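>>> build me a model:
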Amino acid sequence: RNLTLDGEAFFKVQKGEKFTVNTEVGRVTVLGTQFNVKERENYFEVKTFEGLVSVVYKDSLIKLPRGSIFKVVNGVVDINNTFDIKEKSWLQKESNFKSTALRFILEEIENQFGYTIETTNVDLDILYSGGFTHTDIDIALKSVTIPLQLSYKIDGKKITIFNYEK
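Coordinates of the predicted model:
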């Protein structure tokens, strides 16, 4: 069982033959488990919800036990992350992040809602911890911009995010 992924998917694999997910960044192989793979531009993430997942990244093989995350952000590997295995957020129409650069949060909003986002005088490398719902663009934007003291304007399918004007 073998497939190629461009985007994000959650897998619940029955025990049996080897199951492999191939992406441009890495290869994930399992035997009966639950895991999530997210691949975006300059961002790759694997979360293990059940069992043990093997991730091949470049020339390295990383084993991820239950509750572990493997991330590659802008080519930098981060394997020292854990998460709450009860949280399958994007399946519940939510996206949640822990110390993630704003640029990836905004890309996820674009992916979930189909808007184009531009920024003015905004540090896209500032770290954000929190989340947003996929059901309402306005609530999603407030969830991200208010904690970072930013504001936004929606014009059709274009969003502009900027610093608060005082």
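
>>> distance from stretch 140-147 to the middle of the chain?
Put simply, stretch 140-147 sits 17 Å off its chain's centre (Cα atoms, centre = their mean, to the nearest Å).

>>> for stretch 151-166, that is, sorry about that
23 Å.

>>> specify the beta-bridge partners of the closest residue to T145 other than its chain neighbours.
Leaving out its chain neighbours, the residue that sits closest to T145 by Cβ to Cβ, 6 or more residues apart in numbering is Y152, at 5.4 Å. For glycine as for every other residue, the C-beta is placed from the backbone atoms N, C-alpha and C. Per DSSP bridges, the residues bridged to Y152 are I161.

>>> show me the contacts for Y152.
Contact partners of Y152, counting by Cβ atoms under 8 Å, 6 or more residues apart in numbering, are L141, T145, I159, T160, I161, F162.

>>> give me the buried entries from those residues.
L141, T145, I159, I161 (16 or more other Cβ atoms under 10 Å).

>>> name the helix or strand for the first one, please.
Taking DSSP states H and E as the definition, L141 sits inside helix 137-145.

>>> same thing with L124?
L124 belongs to no helix or strand, assigned by DSSP H and E.

>>> so it touches L106, yeah?
Yes. Counting by Cβ atoms under 8 Å, L124 does reach L106; the two are 7.4 Å apart.

>>> neighbour count winner among these two?
Remark: of L124 and L106, L106 carries more neighbours, 21 against 13, as counted by other Cβ atoms under 10 Å.
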